[in-house]
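> need a 3D model of the sequence below.
(chains A, B, C and D)
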Protein chains: 2
Amino acid sequence: MEISERKKKILAAVVDEYIANAEPVGSKLIAEKAGLHVSSATIRNELAELTALGYLEQPHTSAGRVPTAQGYRLYVNELMERHKLSMEETAEINRSLNVKVQQLDKLMQDVGRIAADMTNYPALAMAAQAPETIRRFDIIYVDANTFIIVALLGSSKVKNKLVHLPFSVDQSTIQKLSTVFNASFTGVTEEQITPVLISSTERAVGDTMGLVAAIAGFALEILSESRGAQGVLAGGAKLLQLPEFRDPDKAHHLMDYLSDTAHLADLSAVGSFGSDVKVLIGPENVAEELRDSSVVLAKYDAGDGMQGVIGVVGPTRMDYSTVAAKLSYIADSLSKALAGGKTDALPGFGKLMIKDQN
Amino acid sequence: MEISERKKKILAAVVDEYIANAEPVGSKLIAEKAGLHVSSATIRNELAELTALGYLEQPHTSAGRVPTAQGYRLYVNELMERHKLSMEETAEINRSLNVKVQQLDKLMQDVGRIAADMTNYPALAMAAQAPETIRRFDIIYVDANTFIIVALLGSSKVKNKLVHLPFSVDQSTIQKLSTVFNASFTGVTEEQITPVLISSTERAVGDTMGLVAAIAGFALEILSESRGAQGVLAGGAKLLQLPEFRDPDKAHHLMDYLSDTAHLADLSAVGSFGSDVKVLIGPENVAEELRDSSVVLAKYDAGDGMQGVIGVVGPTRMDYSTVAAKLSYIADSLSKALAGGKTDALPGFGKLMIKDQN
DNA sequence: GCTGGCACTCTCATCTATCGAGTGCTAATT
DNA sequence: AATTAGCACTCGATAGATGAGAGTGCCAGC
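A predicted model of the protein is given here:
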């Protein structure tokens, strides 16, 4: 059943009002605020119908109306005005985001913080890495019992490890190891590092007291560790400002849930989302703990098979329009920045700049 | 003025009781629980004197007594029994701590989490790096416009950077750069990288389109970035379980403060502490926000000039004895682990194990 | 110096009365 | 048929009022 234009207007007004004040909204207020020139009695009739249709509900008989999840859903899908970021807002995001390229996890921490600060809700930032390959493999001789392993990965990240040995090796051995590894470990994925590969490499080098196996182990370690997703939560304290979390138990419940990285990963793994921003309202969330909260997620692309998600968690009464706009903008900027400046810029050869989108 | 033995016993009883239940404690309870065989009336007289001396206070006439900061201080300094960790407790810590050597920031996140979980208070973990030097400097040629810079630092950490160039260089140039840098940038500190050093290096290599300056810039960047302290907060949600933070505003206030890394750094920079554990009670904290909370800090030593602090934040009514014991144990274990396994172990050449201390 | 006894104080929980926002319904109006 | 004014009704929130209970301070007696 299609609901009338006027009902939609009324619903939108209720949602807007409730988002702003967190208090059940009554017919009189709507009559004044929404641009419809009808009396509160008329509004009451409409409200009654919207309630019957499941878009609104009453906390108790003589209180105003509050949107249901279904109501929010309709609002998000059709009713809400797409918030246009003001110059100040974009400027502020740009200013914060204009960070130099840095360690991935550090970056995520920053991005999470920015999202939290901009939206005033707790925010999460995740990054997931597509399976890696080794693009290049070098071994640097330091001294008789020390060398450094350096691996350049498919995603242009570089991993390294310093190794002390309980015995000595001479420089030529390291040299040889380096050459052989560079030849045989180029382009390999995690699965391709098999006992077979290892023993063939071993034969190529000649015996080296198990060094080959050990170094191969390191390669395996890098590849497997870069597979995992990582994530952070920022601005958790912001929950406590919201009237719906004045109850410390509720707040604690949710916070506890959110402070587990694994849960964050679940959250942002919500299938593939087509559009740029995804909104999960109340009961649409799978996790019990989020049943009366909403989540807004935006995807970003970091190039080289790196996928990331930033998101915000708040009460169902969330300012979807603004939040969505901001997240989407941050995600976009991030994608551009990471794609463009992926390779760490060497100072003097151009710094990462986030282009102004206006 | 020296207070009597009996008063001390009574004070200790009050503190213990208050720590356990967060409720003002009355004379009757003390008369029963503390091993003194006197009536509640006697206790009342003593309590009155302790109150006059400033060790206790009453929320209002006719409530029980609550320790003041001064009372806690005496308790911590003289009265409290040093908590002995049980087998289960040490076992649990060991189990959690038995993590493989990993990225420093990842490690701190883990340690913070462990401290928070073990004590049930929000915990912080910090690490501060003493000024670094460059021990070795290599440049690896990848292809005509790509190379990797690898620097081995004084603390045995290795930093690297992948560089794409907008123009080509041939392998021999890189080779030469590597040799020259390895010679002239060995052992340098941040301050020693001066324009003079850079231009002398430039002369040694011959002109290379500004590459020398750029690479030197990278060196500078590494050294300066490793100087900063970093820290994390874990288990912030645990605050909300405590009766003193049932007021969401209070909780919010403190949490907000704690979620700023800069504040954490301040906190753990509390001068040099001689003993292994330092306790800051209520108003002894400099930060306004911590005036009615307490902080327990333990220092650990990560070898190679790395200093770290782990700490716990809670109400003044904190279980100092247990918390101090646990933190101290964690810090100790951490020191041992990091000193021993500092160099990343290569799989197969011995893994980091935290020795059992029992 | 210790103790039992007692009057006093102050908080907290419970209860009641009242207020007011907002509803639903009906009857009148357009 | 839709809109509106009017009105009785509901129900949460707020403010006092009341009583119970915990704990104190002090005094007189041992």
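> ok, residues contacting stretch A:59-66?
A:14, A:18, A:23-27, A:29, A:47, A:50-51, A:56-58 (CB atoms under 8 Å, 6 or more residues apart in numbering or on different chains). (C-beta placed from N, C-alpha, C; glycine too.)
> ChimeraX command to pick out the buried ones of those?
Buried members of the contacts of stretch A:59-66, defined by 16 or more other CB atoms under 10 Å in any protein chain shown, are picked up in ChimeraX with:
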select /A:14,18,24,25,26,27,29,47,50,51,56,57
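> let me know the closest of the contacts of stretch A:59-66 to B:Gly314.
Nearest to B:Gly314 among the contacts of stretch A:59-66: A:Glu23, at 35.1 Å, using CB to CB.
> picking up where we left off before, can you redo the contacts of stretch A:59-66 as JSON lines with secondary structure?
Supplementary listing: the contacts of stretch A:59-66 in JSON lines, determined by DSSP: H, G, I helix; E, B strand; the rest coil:
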{"residue": "A:Val14", "secondary structure": "helix"}
{"residue": "A:Tyr18", "secondary structure": "helix"}
{"residue": "A:Glu23", "secondary structure": "coil"}
{"residue": "A:Pro24", "secondary structure": "coil"}
{"residue": "A:Val25", "secondary structure": "strand"}
{"residue": "A:Gly26", "secondary structure": "coil"}
{"residue": "A:Ser27", "secondary structure": "helix"}
{"residue": "A:Leu29", "secondary structure": "helix"}
{"residue": "A:Leu47", "secondary structure": "helix"}
{"residue": "A:Leu50", "secondary structure": "helix"}
{"residue": "A:Thr51", "secondary structure": "helix"}
{"residue": "A:Leu56", "secondary structure": "strand"}
{"residue": "A:Glu57", "secondary structure": "strand"}
{"residue": "A:Gln58", "secondary structure": "coil"}
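> sketch out the low-pLDDT regions of the stretch 201-350 of chain A for me.
A:207-208, A:227-229, A:270-275, A:303-305, A:340-350 (pLDDT under 70).
> mind listing the helices for it?
Counting by DSSP state H, counting those that start in this stretch, the stretch 201-350 of chain A has these helices, from start to end: A:211-225, A:248-258, A:261-268, A:320-340.
> could those helices go into CSV alongside distance to A:Ala34?
Output for these, formatted as CSV (distance: least, CB to CB, whole Å):
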stretch, distance to A:Ala34
helix A:211-225, 55
helix A:248-258, 31
helix A:261-268, 35
helix A:320-340, 17
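> and the stretch 251-358 of chain A, which residues reach DNA strand C?
Applying CB under 7 Å from any atom of the strand, one finds that the stretch 251-358 of chain A does not approach DNA strand C at all.
> re the thing from before, out of the contacts of stretch A:59-66, which touch DNA strand C?
Okay, of these touching DNA strand C (CB under 7 Å from any atom of the strand), that's A:Pro24, A:Val25, A:Gly26, A:Ser27, A:Leu29, A:Leu47, A:Thr51, A:Gln58.
> Serialize these to TSV and add fields for distance to B:Ile3 and pLDDT.
Formatted as TSV, those follow (distance: CB to CB, whole Å; pLDDT from 0 to 100):
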residue	distance to B:Ile3	pLDDT
A:Pro24	58	96
A:Val25	62	96
A:Gly26	63	95
A:Ser27	68	95
A:Leu29	64	94
A:Leu47	69	96
A:Thr51	68	96
A:Gln58	62	94
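> tell me which two of those residues sit farthest apart.
The widest separation within those (CB to CB) is 16.1 Å, between A:Leu29 and A:Thr51.
> next up, identify which helix or strand the closest residue to A:Ile222 other than its chain neighbours is on.
Using CB to CB, 6 or more residues apart in numbering or on different chains and skipping the chain neighbours, the partner closest in space to A:Ile222 is A:Lys159 (4.7 Å). Using DSSP states H and E, A:Lys159 sits within strand A:158-164.
> domain map for chain A?
Chain A is divided into the following domains under automatic domain parsing: A:5-79, A:87-130+A:228-340, A:134-225.
> anything in the longest one near chain B?
What it means is domain A:87-130+A:228-340. Yes: looking at domain A:87-130+A:228-340 against chain B by CB under 8 Å from any CB of the partner chain, the contacts come from A:103, A:105-106, A:234-237, A:240-241, A:245-246, A:248-249, A:251-252, A:255-256, A:259.
> tally of neighbours for the closest residue to A:Arg246 other than its chain neighbours?
Closest residue in space to A:Arg246, ignoring its immediate chain neighbours: B:Pro248 at 5.2 Å, by CB to CB, 6+ apart. Residues near B:Pro248, counting by other CB atoms under 10 Å in any protein chain shown, number 21.
> show me the contacts for B:Pro248.
Applying CB under 8 Å, 6+ apart, one finds that B:Pro248 lies in contact with A:Leu240, A:Gln241, A:Phe245, A:Arg246, A:Pro248, A:Ala251.
> which of the residues you listed sits closest to B:Met87?
A:Pro248 (34.5 Å).
> show me the helices in the stretch 1-150 of chain A, by range?
Along the stretch 1-150 of chain A, counting by DSSP H, counting those that start in this stretch, helices occupy A:5-21, A:27-33, A:40-52, A:69-74, A:87-97, A:104-119.
> nearest to A:Asn145, out of these?
For the helices of the stretch 1-150 of chain A, proximity to A:Asn145 was assessed by CB to CB; helix A:104-119 is nearest, at 31.2 Å.
> would you mind writing the CA trace of the closest one as PDB?
What follows is helix A:104-119, C-alpha atoms only, in PDB (Å, rounded to 0.1, in the frame of the first residue of the first chain):
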ATOM      1  CA  LEU A 104      48.200   1.800   8.200                       C
ATOM      2  CA  ASP A 105      47.100   1.200  11.700                       C
ATOM      3  CA  LYS A 106      48.100   4.700  12.800                       C
ATOM      4  CA  LEU A 107      46.100   6.000   9.900                       C
ATOM      5  CA  MET A 108      43.000   4.100  10.800                       C
ATOM      6  CA  GLN A 109      43.200   5.400  14.300                       C
ATOM      7  CA  ASP A 110      43.300   8.900  12.900                       C
ATOM      8  CA  VAL A 111      40.500   8.300  10.500                       C
ATOM      9  CA  GLY A 112      38.400   6.800  13.200                       C
ATOM     10  CA  ARG A 113      39.000   9.700  15.400                       C
ATOM     11  CA  ILE A 114      38.100  12.100  12.600                       C
ATOM     12  CA  ALA A 115      34.900  10.300  11.900                       C
ATOM     13  CA  ALA A 116      33.900  10.300  15.500                       C
ATOM     14  CA  ASP A 117      34.700  13.900  16.000                       C
ATOM     15  CA  MET A 118      32.900  15.000  12.900                       C
ATOM     16  CA  THR A 119      29.700  13.100  13.600                       C
END
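> and the angle for it with helix A:87-97?
Relative orientation of helix A:104-119 versus helix A:87-97 (axes from the mean of the first three to the mean of the last three CA atoms, to 10 degrees): 160 degrees.
> distance from helix A:104-119 to the middle of the chain?
When distances are taken as CA atoms, centre = their mean, to the nearest Å, helix A:104-119 is centred 9 Å away from the chain's centroid.
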